[in-house]
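Student: Pasted the sequence and its predicted model underneath.
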2 protein chains.
Amino acid sequence: MEKPKVRLFVDQPLGAGQAVALGPEAANYLFNVMRLGKGAGVALFNGRDGEWRAEVAEAGKRQGIAVCQDRTAPQVMPPDLWLIFAPVKKERTAFIVEKAVELGVARLMPVATRHMNSERWRVDKQTAHAVEAAEQCGATFVPEVADLQPLDRVLAAWPGERALYWADETLAQGAATPSGFVTGPAAILIGPEGGFSEDEKARLRALPFVRPLALGPRILRAETAALAAVVLWQDAVGDWRG
Amino acid sequence: MEKPKVRLFVDQPLGAGQAVALGPEAANYLFNVMRLGKGAGVALFNGRDGEWRAEVAEAGKRQGIAVCQDRTAPQVMPPDLWLIFAPVKKERTAFIVEKAVELGVARLMPVATRHMNSERWRVDKQTAHAVEAAEQCGATFVPEVADLQPLDRVLAAWPGERALYWADETLAQGAATPSGFVTGPAAILIGPEGGFSEDEKARLRALPFVRPLALGPRILRAETAALAAVVLWQDAVGDWRG
């Protein structure tokens, strides 16, 4: 059986024999753009039931139906890692979202900070980016995409058992030895391009669950820091461990 | 003394009292775009002499002169790491170059592979990207940018003492335990989006200096794999070590 060329996220139950309704967007993509027809195979996932090979049973202009046949991959959730960051320029924010899915992040949490570069954050658009990234990279999950919140509020409501790794650019010169990673729920916090304000830094330093994280001797852009921190965490205590 | 707002790479000697000629591009950027004038400070680096604070001595429409005053950062070369990759789409290749500079790579080596996505590689343009990234991230070096070469030829001329870490996507399912990183000269090899051909894989597996590298359970895009591999190498044996 050939591997389906198309992999789609659908927000519907998947299971053996389950019929899945394909809406206008999916139908356009499958039947017009990709020129698939009745009988063609398509890979479906919904973030809960793993990945299924489904067969197109109806292919209309604005809708269609696919019927699930075999489960081709188990449901695999990412480790319990949140990525907290100040939105940057449009393309670089899109990049953070895309890479967070590939690298395996459970929740994307944009925060408003004093020196932030952009307040642009639309949950629907960023969720669409995350879905697209998941379709491409073979993930069976889509990270939760949160609304933009002030950093202060996020810190005030922090669940104490969750470690918060703060990629602190003042460590870039090797001035401090960062703490190592610990297992368990975690979050990575990346500042805006302008850095955190002195107030924000003082607050972060005083919080017991905050652990500074050094990311080498050069100043990284926000999106690079986000990605590098996730890679190091995944390798040390996440699902990249051999 | 205020920190200069502009940081420029110049291919000229830098040292105390040294006058540096500013060509049309630099003059336009400094004096028109950034509206700097005589007496303004500018940070200069050339990849050899560290970073210098210079003062604008002449500000013309098409040229200018800056005179070096104090060295503001020592020359720091990146570790001896080559990044070998098949060029991908334009924006994603630009991304690899930019991130390689931030993360610290000594040499960028594009290779032609069987299933490559693009043969587009211009040394002058990619060097300009690398320079821009170095100016932004505070690096005092610019990686060497090589010409596109066939992978076969690169492997045939391989310096045996240099470890070649191959980000092998067939390890993505955890099928094999990758070898660890070793100190010393190294290179990271990332395949094209379509993966290496069976021939290429067989050849890589047979080479004594090739070490497979696993990058987690999900399939990463080429540029994500490149970045993740550099981060892991830097953290384990490069200049990110605490």
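Tutor: Happy to help now that I have it.
Student: By mean pLDDT, which helix or strand of chain A comes out lowest?
Tutor: Sorted by mean pLDDT, DSSP states H and E, the helices and strands of chain A end with strand A:210-213, the least confident at a mean of 91.
Student: Any part of that one near chain B?
Tutor: No: Strand A:210-213 is not in contact with chain B by C-beta under 8 Å from any C-beta of the partner chain; minimum separation 10.8 Å. From N, CA and C alone the C-beta is placed, and that goes for glycine too.
Student: mind checking how far the helix or strand just after that strand is from the chain centre?
Tutor: If you walk from strand A:210-213 toward the C-terminus, the next helix or strand you reach (DSSP states H and E) is helix A:222-237. Relative to the chain's own centre, helix A:222-237 is displaced by 13 Å; criterion: C-alpha atoms, centre = their mean, to the nearest Å.
Student: And the average pLDDT for helix A:222-237 is what?
Tutor: The average pLDDT within helix A:222-237 is 94.
Student: buried set for it?
Tutor: A:222-235, A:237 (16 or more other C-beta atoms under 10 Å in any protein chain shown).
Student: Can I get that helix in PDB, CA atoms only?
Tutor: Output of helix A:222-237 as PDB, limited to C-alpha atoms (Å, rounded to 0.1, in the frame of the first residue of the first chain):
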ATOM      1  CA  ALA A 222      14.900  35.600  20.000                       C
ATOM      2  CA  GLU A 223      13.800  32.900  17.600                       C
ATOM      3  CA  THR A 224      17.300  31.300  17.600                       C
ATOM      4  CA  ALA A 225      17.300  31.300  21.400                       C
ATOM      5  CA  ALA A 226      13.900  29.700  21.500                       C
ATOM      6  CA  LEU A 227      14.900  26.900  19.200                       C
ATOM      7  CA  ALA A 228      18.300  26.300  20.800                       C
ATOM      8  CA  ALA A 229      16.700  26.100  24.300                       C
ATOM      9  CA  VAL A 230      14.100  23.600  23.200                       C
ATOM     10  CA  VAL A 231      16.700  21.400  21.500                       C
ATOM     11  CA  LEU A 232      18.900  21.400  24.700                       C
ATOM     12  CA  TRP A 233      15.900  20.600  26.900                       C
ATOM     13  CA  GLN A 234      14.600  17.900  24.600                       C
ATOM     14  CA  ASP A 235      18.100  16.300  24.400                       C
ATOM     15  CA  ALA A 236      18.600  16.400  28.200                       C
ATOM     16  CA  VAL A 237      15.200  15.500  29.700                       C
END
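Student: Okay, angle between that helix and helix B:222-237 too, please.
Tutor: 60 degrees (axes from the mean of the first three to the mean of the last three C-alpha atoms, to 10 degrees).
Student: What's the end-to-end length of stretch A:69-79?
Tutor: End-to-end span of stretch A:69-79 (C-alpha to C-alpha, to the nearest Å): 28 Å.
Student: Next one: it, is it in contact with chain B?
Tutor: Yes: judged by C-beta under 8 Å from any C-beta, stretch A:69-79 comes into contact with chain B at A:Val76.
Student: residues making contact with stretch A:70-78?
Tutor: Applying C-beta atoms under 8 Å, 6 or more residues apart in numbering or on different chains, the external contacts of stretch A:70-78 come out as A:16, A:43, A:45, A:47-53, A:104-106, A:138-141, A:143, A:239, B:217.
Student: Write the PyMOL selection for whichever of these are buried.
Tutor: Under the burial definition 16+ other C-beta under 10 Å, those of those that qualify are selected in PyMOL by:
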select buried, (chain A and resi 43+45+47+49+50+51+52+53+104+105+106+138+139+140+141+143+239) or (chain B and resi 217)
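Student: ok, the buried residues of helix A:222-237 vs B:Arg211, which is closest?
Tutor: A:Asp235 (15.8 Å; C-beta to C-beta).
Student: do you know how far the closest one is from chain B?
Tutor: Here the criterion is C-beta to the nearest C-beta, to the nearest Å. By it, A:Asp235 lies 6 Å from chain B.
Student: residues contacting that residue?
Tutor: A:Arg241, B:Gly216, B:Leu232, B:Asp235.
Student: Surely the second one touches A:Leu103?
Tutor: Right, the one you point to is B:Gly216. Yes: B:Gly216 lies in contact with A:Leu103 (C-beta atoms under 8 Å); the separation is 7.1 Å.
Student: who touches both of these two?
Tutor: Common neighbours of B:Gly216 and A:Leu103 are listed as A:Gln234, B:Ala228 (criterion: C-beta under 8 Å, 6+ apart).
Student: Those two: which has the busier surroundings?
Tutor: For B:Gly216 and A:Leu103, the more surrounded residue by other C-beta atoms under 10 Å in any protein chain shown is A:Leu103, and the numbers stand at 29 against 21.
Student: all helices of chain A, in order?
Tutor: All helices of chain A, identified by DSSP state H, fall at A:24-27, A:90-103, A:123-137, A:151-156, A:198-206, A:222-237.
Student: so of those, which one's packed in deepest?
Tutor: Among these, helix A:222-237 has the highest mean neighbour count (mean count of other C-beta atoms under 10 Å in any protein chain shown), at a mean of 24.
Student: now the angle from that one to helix B:90-103?
Tutor: Calculated by the same axes, to 10 degrees, helix A:222-237 forms an angle of 70 degrees with helix B:90-103.
Student: any chance of the helices of chain A in CSV, plus distance to B:Val76?
Tutor: Formatted as CSV, the helices of chain A follow (distance: least, C-beta to C-beta, whole Å):
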stretch, distance to B:Val76
helix A:24-27, 50
helix A:90-103, 25
helix A:123-137, 34
helix A:151-156, 32
helix A:198-206, 25
helix A:222-237, 18
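Student: so how far is stretch A:213-232 off the chain centroid?
Tutor: With C-alpha atoms, centre = their mean, you get 17 Å for stretch A:213-232.
Student: Then stretch A:77-93?
Tutor: Centroid displacement of stretch A:77-93 relative to its chain, using C-alpha atoms, centre = their mean, is 6 Å.
Student: Any idea how far apart the tips of that stretch sit?
Tutor: Using C-alpha to C-alpha, the end-to-end distance of stretch A:77-93 comes to 23 Å.
Student: What of stretch A:182-198?
Tutor: 27 Å.
Student: can you check stretch A:85-92 too?
Tutor: Using C-alpha to C-alpha, one end of stretch A:85-92 lies 12 Å from the other.
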